[in-house]
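A.B. asks: A predicted structure for the sequence below; I have some questions about it.
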Amino acid sequence: PMRDILTRRWHECRKCVEADAHLAAIVMMGGMLEALFVARANKMPDKSPLIKAASAPKEKGTGKTLNYQDWMLDSYIKVAHELGWITASAKNVADVLKEYRNYVHPEKELRHGVTLALNDSRMFWQVTKEVARQLLLSAGTP
């Protein structure tokens, strides 16, 4: 189940940080947050707030909201903030994490000249844990 996936990803993130695999750690953190957003949405008995959210991604042409399980991390972050699952500051730092996760694409890394280091992955790990806490608390999970 989703809980097992989240647990594995949590441990993998931690291992990557400890192993100085900074880019891998940040990519895993983004993936873990995405899984947490999906789990939070899955827990909702009524999905209409997701579908009706102004920031929910829409199909080109029809304007119909995409199935939430097909959203990208960016959409999850926006909708989570809109629905009050995460604070404005959590949204802002999650947006930064999402951008750094995109350095998995070598051309972006080359264009921006970014080299990730230990302090970066450790800092993003703290951010990831705090955003995760907000998501869990918003679902009534201590």
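C.D. replies: On my side now, so go ahead.
A.B. asks: work out for me the element the spatially most central residue of the chain sits within.
C.D. replies: Taking Cα atoms, centre = their mean as the criterion, residue 33 is the residue nearest the geometric centre of the chain, at 3.2 Å. Assigned by DSSP states H and E, residue 33 belongs to helix 22-42.
A.B. asks: distance from that helix to the middle of the chain?
C.D. replies: Distance of helix 22-42 from the chain centroid (Cα atoms, centre = their mean, to the nearest Å) equals 5 Å.
A.B. asks: can you pull the contacts of residue 5?
C.D. replies: For residue 5, the contact set (Cβ atoms under 8 Å, 6 or more residues apart in numbering) comprises residue 35. Every residue, glycine included, has its C-beta placed from N, CA and C.
A.B. asks: my reading is that it lies in a helix. Confirm?
C.D. replies: Yes. Assessed with DSSP: H, G, I helix; E, B strand; the rest coil, residue 5 lies in a helix.
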